[in-house]
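Novice: Give me a model of this one.
(chains A and B)
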Amino acid sequence: RKEVEQDPGPFNVPEGATVAFNCTYSNSASQSFFWYRQDCRKEPKLLMSVYSSGNEDGRFTAQLNRASQYISLLIRDSKLSDSATYLCVVTGSSNTGKLIFGQGTTLQVKP
Amino acid sequence: NAGVTQTPKFRVLKTGQSMTLLCAQDMNHEYMYWYRQDPGMGLRLIHYSVGEGTTAKGEVPDGYNVSRLKKQNFLLGLESAAPSQTSVYFCASSYRVGAGHSTDTQYFGPGTRLTVL
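Specialist: Residues are numbered from 1 along each chain as shown, chains lettered A, B, ... in the order given. Purely as a prediction, here's the structure:
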């Protein structure tokens, strides 16, 4: 079983749609959780951290359910520029800053 | 600030050839990482370093060696390249855990696209 599992998609949605991505992780000792964004043939970049209380950044909302070991990302009012691959990321259990990456979910926003 | 830079950007090797990928960061980060990214596999950690002069194995270290002689540089070596090492290689860096900065964010270089024939 992969340590971080995501539906690879692709998710094809029209502009303005609301889309949600989910992710599950296997290590209950993981302490920190993130969503990274990766554009085609580019490097990953941090989109947002995920907190137990849930957090929002503009059109993006992230939530964490520690009991179910489940993370979600909601994108409202999708833009063409949101087309990318979204990587679910969790920290490992050691104190080395290591991150464990999911394989990513691809979003394609159509006009 | 250049951030994290990687050289070269592209390379084609023949099986059995050797090469070194260079990663440099100008953010005074303690931690540095080498990943490979393959279709359907996500990013996998090859080796990492928690400080100058230290290195450790990640998830997929076989066939690779690394060195961190200077804090700002992290080198990834392939001694005898194999077609299975065809991939995109990303370097990343972050602050040290407990240094008062968030270590949550890893800053990535632009990647090196390596093909082994």
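
Novice: Please make it C-alpha for all contacts and neighbour counts, starting now.
Specialist: Will do.

Novice: start to end distance for stretch B:19-30?
Specialist: Start-to-end span of stretch B:19-30 (Cα to Cα, to the nearest Å) is 25 Å.

Novice: That should have said stretch B:61-76, apologies.
Specialist: 10 Å.

Novice: Could I get the buried residue list for that stretch?
Specialist: B:61, B:64-68, B:71-76 (16 or more other Cα atoms under 10 Å in any protein chain shown).

Novice: mind showing which ranges of chain B have poor pLDDT?
Specialist: By pLDDT under 70, the low-scoring segments of chain B are B:97-104.

Novice: quick one, what contacts A:Thr24?
Specialist: A:4-6, A:69-71 (Cα atoms under 8 Å, 6 or more residues apart in numbering or on different chains).

Novice: Give me the buried subset of those residues.
Specialist: Among these, the ones that count as buried by 16+ other Cα under 10 Å are A:4-6, A:70-71.

Novice: Could you single out the nearest of the contacts of A:Thr24 to A:Gly97?
Specialist: A:Val4 (16.4 Å; Cα to Cα).

Novice: Roughly how far does that closest one sit from chain B?
Specialist: 10 Å (Cα to the nearest Cα, to the nearest Å).

Novice: and that residue, what are its bridge partners?
Specialist: A:Tyr25 (DSSP bridges).

Novice: That one against A:Gly104, yeah?
Specialist: No. In terms of Cα atoms under 8 Å, A:Val4 does not count as a neighbour of A:Gly104; the distance is 9.6 Å.

Novice: what sits in contact with each of these two?
Specialist: Contact with both A:Val4 and A:Gly104 is made by residues A:Cys88, according to Cα under 8 Å, 6+ apart.

Novice: Just say helix, strand or coil for A:Ser81.
Specialist: Here A:Ser81 is helix, with the state taken from DSSP: H, G, I helix; E, B strand; the rest coil.

Novice: residue contacts, it?
Specialist: Contacts of A:Ser81 (Cα under 8 Å, 6+ apart): A:Val109.

Novice: close enough to count as contact, A:Tyr86 and A:Glu43?
Specialist: No. Using Cα under 8 Å, A:Tyr86 makes no contact with A:Glu43, being 11.8 Å away.
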